[in-house]
Every structure is written in C-alpha cells, then in structure tokens.
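> next come a sequence and a model predicted from it.
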4 protein chains.
Amino acid sequence: MQFGSDNHTGASSQVLEMMVSANTGYTAGYGNDDWTMQAVVALRKVFECDLEAFFVPTGTASNSLALSCMVQPWETIICHEHAHIYLDESTAPEFFTGGARLKAIAKGVGKISADLLNDYYINSAGVDFPHNSRVGALSITQASELGQVYTPEEIKSLSEIAKEHNINFHMDGARFANAVAHLNCTPAELTWKSGVDVLCLGATKCGALCAEAVIFFNKELSENFIHRRKRTGHLISKGRIFGSQFVGWLKNDHWLDLATHANAHAQKLAADLSSVEEIQLAWPVEANEIFVIISKKLFKVLKEAGGEFYEWYDEALPLGRTLKEDQMLIRLVTSFATEDQHRIDFINVINQFYSVQ
Amino acid sequence: MQFGSDNHTGASSQVLEMMVSANTGYTAGYGNDDWTMQAVVALRKVFECDLEAFFVPTGTASNSLALSCMVQPWETIICHEHAHIYLDESTAPEFFTGGARLKAIAKGVGKISADLLNDYYINSAGVDFPHNSRVGALSITQASELGQVYTPEEIKSLSEIAKEHNINFHMDGARFANAVAHLNCTPAELTWKSGVDVLCLGATKCGALCAEAVIFFNKELSENFIHRRKRTGHLISKGRIFGSQFVGWLKNDHWLDLATHANAHAQKLAADLSSVEEIQLAWPVEANEIFVIISKKLFKVLKEAGGEFYEWYDEALPLGRTLKEDQMLIRLVTSFATEDQHRIDFINVINQFYSVQ
Amino acid sequence: MQFGSDNHTGASSQVLEMMVSANTGYTAGYGNDDWTMQAVVALRKVFECDLEAFFVPTGTASNSLALSCMVQPWETIICHEHAHIYLDESTAPEFFTGGARLKAIAKGVGKISADLLNDYYINSAGVDFPHNSRVGALSITQASELGQVYTPEEIKSLSEIAKEHNINFHMDGARFANAVAHLNCTPAELTWKSGVDVLCLGATKCGALCAEAVIFFNKELSENFIHRRKRTGHLISKGRIFGSQFVGWLKNDHWLDLATHANAHAQKLAADLSSVEEIQLAWPVEANEIFVIISKKLFKVLKEAGGEFYEWYDEALPLGRTLKEDQMLIRLVTSFATEDQHRIDFINVINQFYSVQ
Amino acid sequence: MQFGSDNHTGASSQVLEMMVSANTGYTAGYGNDDWTMQAVVALRKVFECDLEAFFVPTGTASNSLALSCMVQPWETIICHEHAHIYLDESTAPEFFTGGARLKAIAKGVGKISADLLNDYYINSAGVDFPHNSRVGALSITQASELGQVYTPEEIKSLSEIAKEHNINFHMDGARFANAVAHLNCTPAELTWKSGVDVLCLGATKCGALCAEAVIFFNKELSENFIHRRKRTGHLISKGRIFGSQFVGWLKNDHWLDLATHANAHAQKLAADLSSVEEIQLAWPVEANEIFVIISKKLFKVLKEAGGEFYEWYDEALPLGRTLKEDQMLIRLVTSFATEDQHRIDFINVINQFYSVQ
C-alpha cells in the first residue's frame, strides 16, 4: 500500500544498471565525460531539436536555476497557487534569482488557464516601474501538482500571452514523463513547439535515483547557466552519475514505459475508488496522482493497516468544494514500482471498512 | 488642486529651519552627532519608552531594513494585498531580507483583520518544514494604503495572534502621524503598548524633506541593524541632515499639527465630494487619502483643469464593488501644505461639470 | 584644528541656499522634478557629453550600485588594497552585486599602476571557468584613499588593459573635485576621454550635505539602474533635495572653487609640516589628504590640544617603510571649510612641543 | 598514468555495492531513511562524539553551506591564498553567505600558521564597525590544496586564536581521509579535540561517487542548516543515495584504507621523482598530491605519452621560489584506484626522456 510519494522508491533496474556500468574507468570530471555527453545527445533526439541541457541533483535546484536565468531580481514569476516552487521549495526561487518575487494565481483550479492569466494582466499587474515589479516569467507544472495535464493547446494559449507580454515560459516537469504518457503527443509538441522556453525534466520521481535536467529550448537563456550552477554548488565532480542515469532512463523509451506503468495504476486505483459510494475523487485522474475525499475514520483505518499516503491541504480542493466535518482530503501517488497488490490491499481495507459499518 | 501625493511638497518651515540651523559647524560623521542624538531622545519622549531608533533616507529602506531584522531568508512576511511593501517598493523586501517571501492577504478590505489572519493560519500556512516557508513576520500599514486607520484594539488582536505563532510584528508608519492625529490615543498605545515590535516612522510624507526612522520597541531585534544599514548604503555621513529634521518635526507636537491639518482637509474634501450625487467615496476617509469613484468624463475634465491626482487600481475597491464601464477610481491625497483653495477649485470644477450636463 | 574628515562639515552656503530655495512649491516625486533634470543637464555640460546620471544619498550606495551594473555575481572586481569599497563600506559591494568578489591588489603603493594590473592578469587571474571567478571590473579611486591623483595618462593605460580583457572601468570619485582641481585638465579628460565607464561623483565630501551622483558614460551599463536603485531603497521621493544640491554645487564652477580651497590648505599644511624635522610625510600631498608620521607623544599632545584627526593603519605606509616603536601614522584632511587658523593652531602645537623638548 | 584528479574515478567497489543494495524497497524521502540515519551513527562513532551531520552532493555546497552557518553577511572569512573555496568554487561562498567576504592570507606557504594569523589580526583586521567588515570565521583545508597536512598541534594553535577573537573555525576536509591516514592520530584529535567547529568531510574524492557530509561539532551552529540546505536545492529526495555511500565508505575503516592506498602511491611516486636529478618537488609530499617542477619539454613528452595531470599556477610555488624560463609546475594526484603500473609508466617516460638527451 505504497502511495506516499514517487520518491519513496529507488531507481528502476535499467537506470541502476547503467549507473553501475558507468562506475568503471577514468573520465574527466565536472560533466566533461562521455556519459554526460551521451545523455545530452539522447535528450536532443527525444525532443527533436538542438537543445542545451544541464544536469543537477534536485528538482528544487533545477527549477530555481532555470528561473534564475529567466528573470531579473526585480521581476515577478507567475505560478499556480499549488506550484511546487511556491509551496514546497522553501524560498529557493527567491534565493537563486537574487530576490525575484513569486505571485501565485489560479486558486481552486487544477491548471493556470489563458483566461486567468489574461485576467491577471488586465487587473493586477503593475506597470508603474520601477515601483512595481514587472512580470518576467510564467511557470507551469506538467503534470500539475493537482494531477492535471496541460494539453499542447493549453500550453500554446499560455505561451501566446507570454510572448505578447515579453515574458519567459518555464515548465516544471517533475512529472513530465507522466504527462507525455497521458497525452497522445510528442515531447516536442508539449514543450518548444508550444512555446516553452525552458523545461525542468525530472527523472528522479519516475525511475532515477537522483537526476534532473534543465533543458533550454531557448538557448539564449542558458548563457550564464554554467556559472550559476557552479556557484550554487550544483556542478557535480563525477558527472557520470547523472549522465548514466539519463542514458539508462531515456534508452528505448524506458522513461515512458515507467510513466505509463504509474499512470495505468493510477487509473485503476481511481476506478476502484470511484466505485465506492462513500468516497469521492477531488480531481480527474490524469497522471499518477489521485486526490480523494475520505472520512477521518477511514483515514485512521487505512493508516493502521499500513497504508502509506499523505493527508493533503483543504485548499487543494476545487473551487467551491468543501469538506464535511468528518472528512479529509488525501493524496495517493503511484509510481513505476507500484504493484497490483498495493492497490488490491488498499481497496480491500476500504471495502472491509464499509462492509463492517 | 494638488492632490497627487504627500511627497509633492517640500518640508514645513519648522523642519527646514532646523535643518538649516544644523548646517553650521563641525560634528562627527555617521550619526555620531548631537542632532541625531537629540532626535533619538525626542522619539523616546514621544513614545514614552526606551526605544532604539535609526535614521534612513527612504521609506523603502526603512521598511526593508526593519523586515530584514525580523525574518530569516527562508521565512514569509504576511502583508496586505495593497501594502506599499508589496506593490510599490519593487522587490526591496526580498533583496534586503536575502530572499524572504511576501504573502499578501486581505483582498478587498481596508485592513488586515484578526479573523483573516487566523484564517490564513488555519487554512494556508504550511508547517512541513523545511519544505514550506515558515511565517516569520506580520506587517501592517498605519494608516493603511487605502486610507484606513487601525485602532489600538485591532492592533492588539493582531499582535496576540503574532505572539501565539511566535512571529514579529512590523508597522509601516509612512502615515503614522495621520493615524495618531485621527485617533484619540497616544503613539505608545498605537505601537508597543499594542504589541508592535518595530515601527517605520515616516516624516517625509508629513512635513520633512527626507527623513525616516526605524524604531525598535523590541530592542533585541535591532542587534545587527548598524551592519545592515551600512552595507545597504543607508548610513549617511553627515547625519545631522536626518537628526535635525526629526528634531524640528517632533518639537512642540509639530508633526501632529501637520497631520491634523492634512486630515482636516481630507475630511472637508470628502464631505464636499459626498454631497455630489454622481460620485461615490470608495472607502471611509480616516487619514489623508480619499478614494473616489468618478466618471471617466469627469476625470478628463479635472485633469484638463489642472487637477493633480492619480487614477487608482480597480483592485483597490472594496470586495464586491465594481466600476461601471464609464467609471474609474481615483486617489486624492491631502498634505500639511494643502490649502482651502485647492479644495474649492476642485469642487468647483466638479460642480460646474455636472451643472452643464 | 579640524582635520578629522571632509564629512565633518555641513554644506557650503551656495549649496544650502539652493536646497532651501528648492523647498518651495509642488513638484513630481521620485526624481521627476525640475531640479533633478537641471542637475543632469549641468553634469552633461561639465563633462561635455551625453551622459546618464542618477542621484543617491551615500557614497557607499553610489559605488555599490554602479558596480552592480558592471559585473555579474560570479565575477571579481579588482581594486586597491586601501580602496574605500574594500575597507570602509562593509560588504556593500558583495551585497549589491549579488555576491561578486573584491580582489585587492597594489599593496604599499598609492595607486594601481598598469604594470601591477598586467602582472595580476599574467600571474593570478584564473581562467578555468566556471571554477575560477572571471574579472569583471576594475575600480580605482580618484583622488585615491592615500591622497594620490591619477593622471589622464595613467587612467588611459589602465583602461587599455581593461578593454583588452573586456572588463568595465569604475571610478570612485568621492574626491573627484579635488583631483580635477589638482590637475590641469578637464573632467572629461579624467573620465570618459580616458576610458572610464562609470564615475561615482561625490559632492558630499566637498560642499554638499548629502548628494552623490552615479554617472554613466557607457550608457548601456545603466540599463537597469532605476530598478536597482529602487529595490535598494535609494530612490528618494522628494528628489529636489539632491537635484538642488547638485545645481548649487556645479553652478559657476563652485565645486572646483571648494576643492581648490581644500587642496590649497592641504599644500600649505604639508609645507608647514615638512619644515618640522622630526615628522615626515608618508605620501606626496596631491589632493586634500595628508598622511604624516609623528611620534606617539606628539599624537597625544595634539589630541589633548583639541586636534581632530585620525590615527591611520600602518599598512597605509609606502612599501618598505615602517614605523619606529614610538611612531604612528596619522591622516589629516582639509575641506572647503578649512580656515587658516586651523593650520596655524595645529603647527603651533607642534612647534611648541618640539621647542620644549 | 592517471594523475589528473581524484575525481576522475568512479566509486570503490564497497561503496558502490552499498549504494546498489540501498536501491531496493520503499523508504521515506528527504533523508528520513534508514541509510541516512545509519550514516550519521557511523560518523558519530568515527568521531567519538555526538555530532550533527548532513549530506549534500558537492564539496562546494558542503563548504558554502557550512560557512553560511558560521558568519553573518557583513563578516569576513579568512582562508589560504590557494584555498579551494577561494580559487575553485566561483563565488559560491559569497552567494551562500549572502555576501560575506573572503580574505586570503598566507601567500607562498603550504598552510596558514598561527603567526600569520596573528599577524593579520595585529596589522590588517579592521575594527571600526560597521565600516570595516569583522572577521567571522577561519577556514583551513585538510589536507591543504598544496598537499600539506595540518598537525593537531597546528590546528590547536589556530583554534586558540580563533577563540580569542570569537570567530568560528571551519575545516574543508575534501581530503580529510588522506590527512588522517598520513598522521598518527584519530579523526577526533584532528577536529573537535583541536577546536574545529565544523568539518566538511568529503567522500567523493576518496572512493565515493557523490557524497559529502557537513559535520557540526559545535551543534549550535547547525540550528538553521536544514532550511539553508533546502533553499539552496541541496536536500535530495531519495536520501538513501548519500546515506548508503557513507555507510559503505566508513564500514571497517574502508575510507582509511582507500586513503592509505592513495598516500602510499604518492610517497612512492615522490620517491621515484626525487631520484631524477633534473626535476624537483615543490612541496613535501604528505597526502596524495605531488607538485613537481619539470621542463616544458618533459611536460610535452609526458602529455604525448598519455599522461593525465594538470599544469599548475606558478603562484603555488613556495615563497621565493621561481621557475626558469623553460620550466613549469605540474600537479600529480593519486587516488584509491591508482595502480603500480600508472607510476611505472610515468617514471619510464621520464627516464627515457632523460636517457635520450
């Protein structure tokens, strides 16, 4: 019953094996090794373009380094109320950018829509410079922190507004693999073909042990990346550790297989849960996260039975939806390692709980 | 018809004369002069306590330096959606604090209420450290940017919540004089007696030329202030310039006389405007700012007649209130220098406009 | 006997009067006033070029803001071992630049020479990026902190090296007026005509009360200055206070008259001191600072007689020169306000001291 | 002939195997896993005290995070002219500390001596606060960047000065294992028993793939470490990757065996080189780095023969020692993976070179 987080697992066998095989022999340090170069080549092939890519150890570093290349310290980054960069990365974005501001919009909806973004521009964005902080970047998460997936059309409509206002477009792709697996489209269509400037592609949550890539489709923005990565302590000396993981992860669409596995389990679990009258899904299940409203009693029973998952913020409910006194919101996450038995056990506990009552 | 801003004037005669008289002779530099010391003594008398006070050239420096003593870089400062520190000081708070975050609450109301603050704590403040950013300080503006004045009781109710959560309490007093003049209470009651830790007392908007004081009632917080002021470039070499202005400003309650003058004109102007059927006050007038809903046609006529004032953000309207297609919101500010003729001319233009129609 | 610092005085009459006359009437805030614009025009005339100029309250702010426009946070600023930005401005340069580094060279000499700068480049400057920090700017002080004046030829020879290495050239001109007064050349020849990109022109030390200008000859570097000035709290609301001081200071070569006065007194004092066998000048006197080696006994006597001046660091001695056990180094500073009587009294104390012995 | 760097290898078998074995199963994220806890326990045993330890991916992060806990942003860190934090970590220390300053001393000697440190305090450290930057920390590297090892007595004499001046004492232990292996003393004697407050213990250079520990003997300094690590992006989600490497590295004194191996090869190589008349060792060989003065011709020959090593800065020579026109300084580094054949081949090339001549 392991639904706590997609970072509670180790690496997939293929990723681990590649890392082990990279351990042998001498190579240059600091990313000047063959594994790192192979990984960049693999990313160029996957994304069908001449991108720049850099590897870093964490999603927080990836997002914040990317954003530091995209805004001035006196500018503002627009993001979602539930964005990981806003809620779960301390004040890393402020630190890396030298003090730029985060402005969260889109309360109670799963994704930032073009309408909401336009609305912000018309009603809220200050234009009295230098007193007001100019908007410098838009950041979205794919798949979103509420388990929703942006379609290429949605991304395009956002990037058009971004272009109109001359701001850079960032995508936090901690679960990008899950989004690609969910949609019938290419990685290119989901990113640069839809106007994304920089993608933070996370492998860690979906099968790697510790490997994140900052990918610049807009290569001008990468101009100072190597200086920023070094002075933030994110230039690894034995670069083969990241390169080899990415090589293993991307090889033969392994990354998409892993994500498809996770998504499929999420769909099945959602279907099972939907069949229980007393509990409700808070959001449509599109990637590998499931938000469910359950009773506090059931929560206790599931935890006692060994269920691994987290209670979630009430604020993550859709606009207008509220919990009853005895209810709570929980988040279930499936991963590349999820097994049928996890789901079966989980549903059994639930069914047994309601059959007894 | 000068209602543009309370910083469109010079200094009052008394303040200017004191500054001129301070120009003579030799003194030590960097605030180690008699004028500076006299100013501190005067502040201690006005606030009836053994405070620490430091002088700086701008309100932005004052607020940001104060806040940098009150939060860690990984913490969050709660403020009002229309706070000057949030909207009008670029990303200075982020810069001075080393990247702390501003979180704005209280949309569409004139002041932060205890209920709203509690609500934030119950529903939104993250507690999963170090992932979430801990709340480190609360900042309110007295009088508020929407012209509202916090009563001692309101301040006390906020400081109780602040104490409960172990956060520091900051007051932006750019128009503190106007607030004191409006209420029947002492400066001490409005600040440390109600739980305020640090007050940024602005003299510039109310009769000085360039003089702001950061006042620490909670003296522990001032421990590193002199280092912070120096390395942000705010330690003036010829400190007499600030000291003398404050001495002149505080002498014989001059500061309150100036504020009373400004407030009285605001009340009269508000009364005059209220008598015109076609225009509405957006907020009760308590200090020296008046927010008025007028027609776009009238706006144009007033401007053409030489009226000095600013159009204001729609978002500054009270919650639920909206403008009609042909309306707009404006802000009028009175000052220590406002003359009857300014008001008379302004109302005349309005009356003439409606009489013609 | 006032030789403590050129910031122990107030403003000159002409400067003060202009400031007082600027106090009347309404003007726009934040530097959008006539006085500010007049000051910029006056600077363009004085420097014979289409410069950009911005006003700030302190020399520390001026230098650090300028440097923040000239280097990236991962770069290094080369300066003199005794540079004010290195020794006397806390870590302001690091703060404003977002963490760039200061590297001090030229120990025991009064000025940075082309040979020393070349030497640094050949032997010390790292080129293994991003591990090493690239040199981004050169900063010199005119007149130097040891009272030495750079000639146009010396400045040119430094700027040629700067250009060769593609680094920006900054001049701290806290005593620029004294340097111009000392040399037979124009302000233009001492700056942009010799390759200086940005000059921090200080008026405070030489007759103003609180007024510093950041002057961009290389206008591209000023691109983001207004944002930087705002978010560091250095945009004054009642801008007339700086504008008027500069207008008064520059009018009819008043600034050069003031500097000439200070320099002349320095020369006379130096001559008087040189005539005393027992004491030695540590450096040639070129501007308004005099470094003198005296006995500890004489120091005590001078202080007891009311002499205002500072003991100075041994390290400020010329290379190879050391103090005897009973000697110390002192610094004497003359100013626009220095009177003959100051010098006469000072020399009298000295002569009396030695006549008694 | 692999003498390029101790980061040109992968991990030792024991470390790699532990990492692989840690890959299986579910664990909590963000360092709340058993492996991480076991690693901390192992460190406490090795250092014989109740230390706090935190794991991060790079030496730069380790050093800069540690220093950010030890100084205020307006303070100065004293380090060696050749310190890694000074020369090879960009401006990371400035970034992490919020703009503290590095001051390098001890030019041309292999280690900072108590005399040099005292000398700095007596002659150079400013005390006019807040103008001058106060010294907040001392940082030494063990073994030093010039291959020298500080004895416990030397460390004690430095820590006494540090205590006297109330500054914190940091040790960069990127090659700490090599230092312990070289001396006949315990890890405790080399650190907290000699007054070190914080040790950055590097495993990467000596057998791990990517694993560094920040160890607080002075636990008060660690108060905010978790916030600093998170907001700099150095909190890894799958913490087992670091924990397991440290468990493997420390188990059965594996780390010391690896270091002993590297040191032994360094000694042998040094002996071999010393026997060649035409080349000289620049520094005594104590750890795993060898600095050698060779002819430019030999350099070319060695490189053409496939020798992996770096030319080094002339400035790294001992004080007073200079290179002849046709000479250069090189650095050779041995590692846990160095084989006899590497040395034999290297010496053969040299011998052959001189036999031919």
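Sure thing, it's come through.

> tell me where the stretch 201-350 of chain A has helices.
Ranges of helices within the stretch 201-350 of chain A are A:225-231, A:240-250, A:254-274, A:296-304, A:340-356, based on DSSP state H, counting those that start in this stretch.

> does chain D sit close to the second one?
Yes: interface with chain D: helix A:240-250 contributes A:240, A:241 (Cβ under 8 Å from any Cβ of the partner chain). (Glycine included, C-beta is placed from N, CA and C.)

> cool, the first one as well?
Yes: with Cβ under 8 Å from any Cβ as the threshold, helix A:225-231 lies in contact with chain D, specifically through A:227, A:230, A:231.

> who touches that helix?
For helix A:225-231, contacts defined as Cβ atoms under 8 Å, 6 or more residues apart in numbering or on different chains pick out A:52, A:54, A:56, A:65, A:68-69, A:96, A:214, A:216, A:235, C:72-74, C:99, C:129-131, D:60, D:89-92, D:95.

> show me which residues of the stretch 51-200 of chain A sit near chain C.
So the stretch 51-200 of chain A meets chain C at A:72, A:73, A:74, A:98, A:99, A:129, A:130, A:131 (Cβ under 8 Å from any Cβ).

> kindly recompute the last result at 10 Å.
Within the stretch 51-200 of chain A, the positions near chain C by Cβ under 10 Å from any Cβ of the partner chain are A:68, A:72-75, A:97-99, A:129-134.

> the residues you listed also near chain D: which ones?
Near chain D, by the rule Cβ under 10 Å from any Cβ, you find residue A:98 out of these.

> how about the nearest residue to the closest residue to chain D within the stretch 151-300 of chain A, chain neighbours excluded?
Chain D sits closest to residue A:233 of the stretch 151-300 of chain A, with a gap of 3.0 Å, by Cβ to the nearest Cβ. Spatially, and ignoring its direct neighbours in sequence, residue A:233 is nearest to residue D:61 (3.0 Å; Cβ to Cβ, 6 or more residues apart in numbering or on different chains).

> what is the neighbour count of that neighbour?
Residues within reach of residue D:61, counting by other Cβ atoms under 10 Å in any protein chain shown, total 27.

> just to revisit the earlier point, just among the residues of the stretch 51-200 of chain A next to chain C, which is most surrounded?
residue A:133 (30 neighbours).

> what about the closest residue in space to that residue that isn't next to it in sequence, how many neighbours?
Nearest residue to residue A:133 in three dimensions, chain neighbours excluded: residue A:76, at 4.6 Å (Cβ to Cβ, 6+ apart). By other Cβ under 10 Å, the residues close to residue A:76 number 22.

> residue A:132 is in contact with residue A:76, correct?
Yes: counting by Cβ atoms under 10 Å, residue A:76 does reach residue A:132; the two are 8.8 Å apart.

> quickly list what's touching both of those two.
Residues within reach of residue A:76 and of residue A:132 at once, by Cβ atoms under 10 Å, 6 or more residues apart in numbering or on different chains, are A:125, A:126, B:90.

> of those, closest to chain D?
Nearest member of the shared contacts of residue A:76 and residue A:132 to chain D, counting by Cβ to the nearest Cβ, is residue B:90, at 18.8 Å.

> double-check that that closest one belongs to a strand.
No: the assignment for residue B:90, made by DSSP: H, G, I helix; E, B strand; the rest coil, is coil rather than a strand.

> and the pLDDT at it?
Confidence at residue B:90, expressed as pLDDT, is 98.

> who's the closest spatial neighbour of residue A:318, skipping the chain neighbours?
Going by Cβ to Cβ, 6+ apart, residue A:318 has residue A:108 as its nearest residue, at 5.8 Å.

> does that neighbour sit in a helix, a strand or a coil?
Classification of residue A:108 using three-state DSSP returns coil.

> count of neighbours near it?
14.

> ok, it touching residue A:313?
No: the pair residue A:108 / residue A:313 is not scored as a contact, 11.7 Å apart, by Cβ under 10 Å.

> that older thread, can you redo the residues of helix A:225-231 next to chain D as TSV with neighbour count and distance to residue D:268?
As requested, the residues of helix A:225-231 next to chain D are arranged in TSV below (neighbours: other Cβ atoms under 10 Å in any protein chain shown; distance: Cβ to Cβ, whole Å):
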residue	neighbour count	distance to residue D:268
A:227	20	39
A:230	25	34
A:231	26	38
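
> tell me which parts of the stretch 251-357 of chain A are close to chain D?
A:308, A:335, A:337, A:342.

> not counting sequence-adjacent ones, nearest residue to the first one?
Meaning residue A:308. Nearest non-adjacent residue to residue A:308, counting by Cβ to Cβ, 6+ apart: residue A:4, 3.9 Å away.
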